Structures are given as structure tokens and as C-alpha cells.
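Chemist: sequence-free structure coming up:
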């Protein structure tokens, strides 16, 4: 195997970006078609790499560097999965942008920056050495700022880019600190060797600190509370940027934790913090999302909630399920952003035959009982044996969402077909959970470590999480019954503003200044 084979996918997109730089400012049709073709070729090479992985097993490409530090690509189940995902989403976004930005001044510039951004993400997910990981991590942040500033004269775009720039620099410092600690503690820059040592050898004293820095970099990259505000303010960027950001770049924090799963397991305290931060962000983002009147802003808050749940899964050491979450969320959110305009038109055209069906307390309680029954029956048939306790608890949290869905179908005013359809959807969701969970664990074995048996701290966190998510799901299902109360109306106003956390961050960063980062 050559260096070119291991690194071919980011190189293809980089070459496409260089060609795009020579394109005309308006309607560079050849440039846009070449960028699409480059993404398709990258997908094909990703499939070839998957075939090589299945036949030859995981490996690390030749090192370009000195004394074990430099640039080297890693070929394993995690990198191939992420490479295929990034290439596919990148192709979809580039294809959509060709029509969406047709006639815009600077379309060639946009295509170049987008191709470079996709290449940087590929460079990151394929990193087999700490140097490559750190360089790619920092590059993705700088390139994202350029995409956010496509309309440089818009104050809101400048403001969002500036906030992202500041938060990203803190995250960059954290990833550099983690890289230094890992390199000095394990004596190598090879990521595969670091993970092997973390799994089989006595860990160095610096491993816990390295896990802490990795966690900090991850929560900042994935817009976790309270550093989430910038993600809700990037709507001035073109829709393809939002799609690539929410479906790709924002997942980098989860990928980092999954990549260094063996290191993270060395610090249960850091994992507990991730459970707290991720769980709270998921609940907070999910509640605020329901109060947003604009579609794209609601989708942004949805991403914050989903990233919180992904970090929460990593905190529970459910790394294969966190990877599954990344794949599913990326595909869903790319589609959601790119189809947001047509979705609004579709909803507006729907004829409403009467008042909405509002579930009462009895319907909600019946829905929760039915959802728990479905979970227990299907879990027993699928076999709880062999499932980690954390995965079973995660399924319990998922079933609260199923109960919320069932409550709408069991309302007194709900038509019969809606009730039947809702029950079918609930069954499909529960079946899908067990099937996809088993598939993810199988596919990532032995690339990712098994979830360890929970101790007293993990049990306490799981019980707290079940109670918290259950209480919020119950409150959401009953919300229509008390939504008109004056206290609820006031709470809705505060929630729609994100409890003003973002305003406090604005003040800390210098108020409403729109100075553009260089």
C-alpha cells in the first residue's frame, strides 16, 4: 500500500478546491460539476478502502514525518465508516449548492472553500497520527469560518463567525494539550499504538489529564452548553453550509471521543462529566427547540440536543451506539436542512380538518405504559442477555420518546387510522433500536472497546438520567394541557430565548461587536 492510497480521498477534494479557485465568479458550471465528480470519485475510493479493510484488516499507512510523529492515515472500521459518510454528505451538499447558488457572485469561491472543508474533515477522520489529527482539527475550524462568512457584509454572519472563532481557539488549545500529553505519556504519536497501550498496559499518570482535554475539545466542537450559542446564529450562511455544518463538522467532537475511546475509559470521572454535560444539553436543546418559530433555528436547536445525546452516549461508554447516532443524525439533518424550504411549503398546503387532538392525562399515562410494555417484550425477544446495562438504560430513555409519539395517537380526538399508524411507528422504532444497536456493536468489534460493567457512580448517573429524561418527556406530552396558563406563556418566552445564556456569552466576548476574524 502506498501513501497515496491511504490519503486519496482528501487529496481528490483538495485538488478540486485548487481547480475551483481558478473559476469565474458567476455561474462556474464546469467548476461545480468537477467538484461533484471529485466527491463521487472519493466515494468510490472509500468503497475500495472498505474492501481492503474487509480483506486485509485494519492498518496504518506509511508515516510522513520524523521519530514517529507526522502524517499517516488510519484504515479501520471507524475511519472507513466516517469517510463514507463524509464523502456522501459532501457530494449531496455540493450537488445541491450547484443549483442553490446558481448566479451568486462568489460561487467558485464557495465551491473551493467547501471542497477544502470536506477534505479537512476527511483528513481528520482518517488520522492515524497525533500530528495529523491536531492539524486537521484546527484546519476544520478555520475553514468553517470562511464558509460562515460567505456573505461578509452581513453583521449577523460576522457576529456568528467571530463567536465560533473564539470558541474554536479554546478547543484548539485543548486538542493541542491532549496531543502533547498523549505523546509524552505513551511515547508515540501513532494513534493505534496509543489505543493498544491504553487497553493492555498500565496507563501513564497523564492519561486522565489527556482524557479531560479531549473531553473539553469535544464539547466545544460539538456546541455543548454553555458554548452552544454560535450554532443558532449561523443562519446568514447559505443553506448548503448549514447542511454541511450540522451533518458533518459538528460531529467532530463525538468522533474524537470515539476515536480515543480506550483513553477515555481510563478516566471514569471525565466520562461522568460528559454524562452531565451531554444529558443536560440534550434536555435543554430539545425543550428550547419546541419554542422556535423559524424552521432553520428549530433545526439548529435540534442539532444541539442531538449532539448532547451523542456526548451523553460517549459518557456512558456506549461508543458504537454514539457512532451509530452520528451516522443517523448526519443523514437526517442534511436532508432536513436541504429540504427545509419545500417542507414549509408542504406544511402550509395541508388542509386542517379540525382542532388538533390533544392527549389528556389518561392518554399520556396509557402511552407510557404501552411504550414500556413494547420495550420489555421486544427486549426479551431480542435478548437482553449480552446487552450492557448502559445500553438497556439508553433504550429506556429512547422509549420515553416513543411514549411521546404514542400519546398523540391515543388522544380522544385522534382518528382511528392515526392511532394505528402511531402504534406501528412505535413498534418499528423499538425493533429498529435493537437491530441497529446489535449491528453497530458487531461492526465496531474489536475496533472499539466493550462497555465496562457499571460501578456505583455509573448506576447513579443512569438512574438520574432515566428520571430526568422521563420527567421531561412526561412534561412535553402534557404540555398542551397547561400551555395557555400565564406561567407557561412566560416560560415559553424565556425558553425561546434560550434562557439568555447566549446573551451572557455575547457580553463576555465583547457585546455585539461584529469585527471579523482574520
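Modeler: Received the coordinates, thanks. As the structure is a computational prediction, the values presented were derived from the model and not from experiment.

Chemist: Going along the chain, name the helices of the stretch 51-200 of the chain.
Modeler: Here the stretch 51-200 of the chain has its helices, by DSSP state H, counting those that start in this stretch, at 77-100, 107-125, 130-148, 155-186, 191-200.

Chemist: And the shortest one, how far out from the chain middle?
Modeler: Spelled out, it's helix 191-200. Counting by CA atoms, centre = their mean, to the nearest Å, helix 191-200 is centred 25 Å from the centre of its parent chain.

Chemist: where does this protein dip in pLDDT?
Modeler: Scanning the chain with the threshold set as pLDDT under 70 gives 1-3, 23-27, 341-357, 382-386, 412-416, 418, 483, 510-518.

Chemist: Isn't residue 274 up against residue 314?
Modeler: Yes. Residue 274 lies in contact with residue 314 (CB atoms under 8 Å); the separation is 5.7 Å. (C-beta placed from N, C-alpha, C; glycine too.)

Chemist: Have a look at these two and say which one is more surrounded.
Modeler: For the pair residue 274 and residue 314, the greater number of neighbours falls to residue 314 (28 against 25), based on other CB atoms under 10 Å.

Chemist: Report the buried residues of the helix or strand that contains residue 369.
Modeler: Residue 369 is part of helix 361-382 when elements are defined by DSSP states H and E. Neighbour counts using 16 or more other CB atoms under 10 Å place 363-368, 370-371, 374-375, 378-379, 382 of helix 361-382 among the buried residues.

Chemist: quick revisit: which residues are in contact with both of residue 274 and residue 314?
Modeler: 218, 257 (CB atoms under 8 Å, 6 or more residues apart in numbering).

Chemist: Of the helices of the stretch 51-200 of the chain, give the one that comes closest to residue 239.
Modeler: Closest of these to residue 239 is helix 77-100, at 6.2 Å (criterion: CB to CB).

Chemist: in that closest one, what counts as buried?
Modeler: So helix 77-100, judged by 16+ other CB under 10 Å, has buried residues 77-98, 100.

Chemist: now stretch 6-19
Modeler: 6-14, 16-17, 19.

Chemist: Same list (these) but as a markdown table, adding secondary structure.
Modeler: As requested, the buried residues of stretch 6-19 are exported to a markdown table (DSSP: H, G, I helix; E, B strand; the rest coil):
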| residue | secondary structure |
| --- | --- |
| 6 | helix |
| 7 | coil |
| 8 | helix |
| 9 | helix |
| 10 | helix |
| 11 | helix |
| 12 | helix |
| 13 | helix |
| 14 | helix |
| 16 | helix |
| 17 | helix |
| 19 | helix |
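
Chemist: May I see those residues organised as JSON lines, with distance to residue 185 added?
Modeler: As requested, the buried residues of stretch 6-19 are exported to JSON lines (distance: CB to CB, whole Å):
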{"residue": "6", "distance to residue 185": "26"}
{"residue": "7", "distance to residue 185": "27"}
{"residue": "8", "distance to residue 185": "32"}
{"residue": "9", "distance to residue 185": "31"}
{"residue": "10", "distance to residue 185": "28"}
{"residue": "11", "distance to residue 185": "32"}
{"residue": "12", "distance to residue 185": "35"}
{"residue": "13", "distance to residue 185": "34"}
{"residue": "14", "distance to residue 185": "33"}
{"residue": "16", "distance to residue 185": "39"}
{"residue": "17", "distance to residue 185": "36"}
{"residue": "19", "distance to residue 185": "42"}
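
Chemist: Closest one to residue 109 out of the residues you listed, please.
Modeler: Using CB to CB, residue 17 comes nearest to residue 109 of those, at 10.3 Å.

Chemist: Might you report the residue contacts of that closest one?
Modeler: Applying CB under 8 Å, 6+ apart, the residues contacting residue 17 are 35, 111-113, 115-116, 119.

Chemist: Now do the closest residue to it other than its chain neighbours: how many residues are near it, please.
Modeler: Nearest residue to residue 17, sequence neighbours excluded (CB to CB, 6 or more residues apart in numbering): residue 115, at 3.8 Å. Counted with other CB under 10 Å, the neighbours of residue 115 add up to 29.

Chemist: same question, residue 161
Modeler: 27.

Chemist: how far away is it from residue 108?
Modeler: 20 Å (CB to CB, to the nearest Å).

Chemist: same thing with residue 20?
Modeler: 5 Å.

Chemist: Overlap of the contact sets of these two?
Modeler: Shared contacts of residue 20 and residue 108, counting by CB under 8 Å, 6+ apart, come down to 28, 31.

Chemist: Grab the most central residue of this structure for me.
Modeler: Geometric centre of the chain, nearest residue: residue 251, 3.4 Å, by CA atoms, centre = their mean.

Chemist: mind checking the SS state of that residue?
Modeler: helix.

Chemist: if I pick it, what's in contact with it?
Modeler: Contacts of residue 251 (CB under 8 Å, 6+ apart): 222, 307, 310, 326, 329-330.

Chemist: hmm, which of those are the buried ones?
Modeler: Restricting the contacts of residue 251 to buried positions leaves 222, 307, 310, 326, 329-330, with burial counted as 16+ other CB under 10 Å.

Chemist: Adding distance to residue 230, write those out as JSON lines.
Modeler: JSON lines is the format used below for the buried ones among the contacts of residue 251 (distance: CB to CB, whole Å):
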{"residue": "222", "distance to residue 230": "12"}
{"residue": "307", "distance to residue 230": "13"}
{"residue": "310", "distance to residue 230": "18"}
{"residue": "326", "distance to residue 230": "20"}
{"residue": "329", "distance to residue 230": "19"}
{"residue": "330", "distance to residue 230": "20"}
